[in-house]
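> sequence below, structure please.
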Amino acid sequence: MKKLIVIILILVIGIYVISTTVFNDIKGSKFSTYEEALTTIEKGWIPEDLPKAAEKIYEVHDLDSNNGNGKFYLPKEDIKKFIISLEKTDREKLLKKEQVKAKWWNESKIKESIKNGDLILGERKGFIYAVDKEGIVYYWIK
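Numbering: from 1, shown residues only. This is a model prediction of the structure:
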């Protein structure tokens, strides 16, 4: 009887592991430069008006919900120009925004920085942004 329980338990765990890895609709990618990211930009997972100076571009998206988020880095000299191009957005709306989880996406730290006013918030062309003055730009599909 104990052997049967162990076998059933192993089967259940195995099916769970296979179903969460094989049938997982969460996808992501990382690019060093704007040029490398072009095909994913065309698919809509990365903002189409991503600054050409963007580096270390990360994105993660959920095919089921059409939800996605990511981050990229901008040289400090490009941050002000980027911030000026944004329209105001609501802090509470952004804090409630569903986020797709990834190893490199620190949701609690990002939310804390938003709550504390450490990030400049804005939106444009279907994306919401939270910008660190040091050069990190977080984004969410609107």
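
> buried residues of the helix or strand harbouring His61, list them for me.
Assigned by DSSP states H and E, His61 belongs to strand 55-62. Using 16 or more other CB atoms under 10 Å as the test for burial, strand 55-62 gives Glu55, Ile57, Tyr58, Glu59, Val60, His61, Asp62. Placement of C-beta: from N, CA and C, glycine included.

> what helices or strands is it leaning on?
In terms of contacts (3 or more CB pairs under 8 Å, 6 or more residues apart in numbering; DSSP states H and E), strand 55-62 is packed against strand 26-33, helix 34-43, strand 67-73.

> TSV for these, including mean pLDDT, distance to Leu50 and mean neighbour count?
Output for these, formatted as TSV (pLDDT from 0 to 100; distance: least, CB to CB, whole Å; neighbours: other CB atoms under 10 Å):
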stretch	mean pLDDT	distance to Leu50	mean neighbour count
strand 26-33	96	10	16
helix 34-43	95	6	14
strand 67-73	97	7	22
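
> so which of the ones you listed comes closest to Leu95?
Leu95 lies closest to strand 67-73 among the helices and strands packed on strand 55-62, at 13.3 Å (CB to CB).

> mind listing residues that contact the closest one?
Around strand 67-73, the neighbours that count as contacts under CB atoms under 8 Å, 6 or more residues apart in numbering are 45-46, 50, 54-62, 98-100, 104-105, 135-141.

> show me what secondary structure element comes after that strand.
helix 76-84.

> now Leu4: which helix or strand?
Remark: Leu4 resides in helix 2-22, with elements defined by DSSP H and E.

> can you give me the mean pLDDT across that helix?
Averaged across helix 2-22, pLDDT comes to 67.

> before we move on, what about stretch 49-64?
For stretch 49-64, the mean per-residue pLDDT is 96.

> hang on, the earlier thing: okay, the buried residues of strand 55-62 in CSV with distance to Lys93 next?
Listed next are those as CSV, based on distance: CB to CB, whole Å:
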residue, distance to Lys93
Glu55, 28
Ile57, 24
Tyr58, 23
Glu59, 21
Val60, 20
His61, 20
Asp62, 19
